[in-house]
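Enquirer: Have a look; sequence and predicted model below, questions after that.
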Amino acid sequence: MSVRSALARGRAAAERLMVDECVVEAVTGSTTDPDTGEVVDTVEQVYAGRCRVQQASASAGETRVGEADVLMLDRVLQLPVVASAGVRAGHLVRLTACEQDPDLTGRRFVVRAEYAKTHATSRRLGIEEATS
């Protein structure tokens, strides 16, 4: 079996586990709502489709933010490698459908880390829950 065929089989297997749906957007600028004066980000869609969310570890790590101690969970977003080309750190993620965990539907995240390797079966991205 060649490396290409093994990789294709691995990617197909990984994508079968991607039963959730998400939209990934890049912030392209901002605009001000003339009625409310609120500044709103303008975005461009980078990816929409299948995904999988995983928690990187079973327990939360304690992090100090200002004067507060908060518990942070490391989460990983998995996307199809080829279809999600161009997704980068700083992009916004919205989970639009989560078949196995409805509590994830509608949650918003920010891509914080990019992981890459030559023979990846999925594009793995470190994500953090968005605060706004």
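Expert: Happy to help now that I have it.
Enquirer: Give me the neighbour count for the nearest residue in space to residue 97 that is not next to it in sequence.
Expert: Computed as CB to CB, 6 or more residues apart in numbering, the closest residue to residue 97 that is not its neighbour in sequence is residue 21, at 4.1 Å. C-beta here means a position set from N, CA and C on the backbone, and glycine is covered the same way. Counted with other CB atoms under 10 Å, residues neighbouring residue 21 total 16.
Enquirer: Can you show me the strands along the chain?
Expert: Here the chain has its strands, by DSSP state E, at 20-32, 39-55, 61-65, 68-72, 75-79, 92-97, 108-114, 123-129.
Enquirer: who wins for proximity to residue 14 among those strands?
Expert: Across the strands of the chain, residue 14 has its closest neighbour in strand 75-79 (7.0 Å, CB to CB).
Enquirer: any idea which residue sits dead centre in this protein?
Expert: Centroid-nearest residue in the chain, with CA atoms, centre = their mean: residue 77, separated by 4.3 Å.
Enquirer: show me where pLDDT drops low in the protein?
Expert: Applying pLDDT under 70 to the chain picks out residues 57-72, 132.
Enquirer: who's in contact with residue 41?
Expert: By CB atoms under 8 Å, 6 or more residues apart in numbering, residue 41 lies in contact with 27, 29, 30.
Enquirer: so it bridges to which residues?
Expert: Beta-bridge partners recorded for residue 41 (DSSP bridges): residue 30.
Enquirer: Distance of it relative to residue 32?
Expert: 11 Å (CB to CB, to the nearest Å).
Enquirer: who touches the residue nearest to the centre of the chain in this structure?
Expert: For residue 77, counting by CB under 8 Å, 6+ apart, the contacting residues are 22, 51, 52, 53, 93, 109, 111, 124, 125, 126, 127.
Enquirer: neighbours of the closest residue in space to the first one that isn't next to it in sequence, just the number please.
Expert: On the basis of CB to CB, 6+ apart, the spatially nearest residue to residue 22 that is not a chain neighbour turns out to be residue 51, at 4.3 Å. The local packing of residue 51 (other CB under 10 Å) involves 27 other residues.
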